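S.K.: after the sequence you'll find the predicted model.
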Amino acid sequence: MADEFLCGTPEIHAFIGAVKAILARTAEVEARLAAIRPPFSQLMADRDWLPAEFRRTSEAGGMGSGIASRLLYRRGDGSLSLSALVLPPGAATPVHDHLAWGLVGLYVGEQEEEVYEVGAPMHSEHAVADLKLVAKNRLTAGTFYTLIPPTGDIHRVRTTGAEPSISLHLLGNDVGCVARHRFELDTGAVLPFRSGYTNRECEQSEKRER
């Protein structure tokens, strides 16, 4: 399958080109992430490259509460994606995992992040998880963090400012279309979760999973 650039700005093409070059020469995940941090930081610092259509909230998003997950780029084999998550003021994502290494950065606005860990090893056949809140972070524009599962992989974020927040997600999977997990804090229930993308269907990725 061919790579998809749903956002075809020169900045995205340059960034993805740099990332793919790093991935081609670097196998170890921590080394990959360290090498990607400078171009990701540069992308985060440029406030003008993201077109208006990728900054809008949406009532049809799979995260609920008017949240939009807009795909910017997807590698043809599903091993890399870049997306923009747009949260209206006061909206929060479900508690969820990502199941991939990656970098997540707050591009616009203000957020609060709650990070959770599973108290005991979680297996796919288990329907309940013992979640523990291990960190609560205040995020401002330009802040970004790494994901190396299981460290930091389970979280939820909420917009705390008066304007929508936009976070950029560079992940080592097709995060909107892979089967992941959603966690219910009151019951501990672990539910199947596919967030989808607001601007792209998942049929091709679902065929790759089968």
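M.R.: Noted; the coordinates are in hand. Just so you know, these numbers come straight off a predicted model, no measurement behind them.

S.K.: just checking, residue 149 touches residue 99?
M.R.: Yes - look at residue 149 against residue 99 with Cβ atoms under 8 Å: they come within range, at 6.2 Å. For glycine as for every other residue, the C-beta is placed from the backbone atoms N, C-alpha and C.

S.K.: which of the two has more residues huddled nearby?
M.R.: A count of neighbours by other Cβ atoms under 10 Å puts residue 99 above the other of residue 149 and residue 99, at 18 against 15.

S.K.: name the nearest residue to that one, ignoring sequence neighbours.
M.R.: Closest residue to residue 99 apart from its sequence neighbours, by Cβ to Cβ, 6 or more residues apart in numbering: residue 180 at 5.6 Å.

S.K.: and that neighbour, how far is that from residue 110?
M.R.: Applying Cβ to Cβ, to the nearest Å, the value for residue 180 to residue 110 is 25 Å.

S.K.: what do you get for residue 154?
M.R.: Here residue 154 is placed at a distance of 22 Å from residue 110 (Cβ to Cβ).

S.K.: now residue 41
M.R.: From residue 41 to residue 110 the distance is 19 Å (Cβ to Cβ).

S.K.: more crowded one of those two?
M.R.: Each of residue 41 and residue 110 has its neighbours counted (other Cβ under 10 Å); residue 110 has more, 18 against 13.

S.K.: mind checking how far the more buried one is from residue 201?
M.R.: 31 Å.

S.K.: ok, residue 184 next?
M.R.: Residue 184 sits 27 Å away from residue 201, taking Cβ to Cβ as the criterion.

S.K.: just residue 87 next, same as before
M.R.: Going from residue 87 to residue 201 by Cβ to Cβ gives 22 Å.

S.K.: same thing with residue 150?
M.R.: Taken as Cβ to Cβ, the span from residue 150 to residue 201 is 30 Å.

S.K.: what about the protein, any weak spots by pLDDT?
M.R.: By pLDDT under 70, the low-scoring segments of the chain are 60-62, 120-126, 204-210.

S.K.: center of it - which residue?
M.R.: When the chain is reduced to its mean C-alpha position, the nearest residue by Cα atoms, centre = their mean turns out to be residue 169, at 3.9 Å.

S.K.: now that residue: which helix or strand?
M.R.: Here residue 169, judged by DSSP states H and E, is contained in strand 165-171.

S.K.: which neighbours does that strand have in its sheet, and in what orientation?
M.R.: With DSSP bridges as the test, strand 165-171 is paired with strand 81-87 (antiparallel), strand 102-108 (antiparallel).

S.K.: for residue 176, which of those is the nearest?
M.R.: Of all the strands paired with strand 165-171, strand 81-87 sits nearest to residue 176, with 6.4 Å by Cβ to Cβ.

S.K.: after the closest one comes which helix or strand?
M.R.: Immediately after strand 81-87, counting by DSSP H and E, sits strand 95-96.

S.K.: how far is that following strand from where the chain is centred?
M.R.: Taking Cα atoms, centre = their mean, to the nearest Å, one finds the center of strand 95-96 at 11 Å from the center of the full chain.

S.K.: many thanks, we can stop here.
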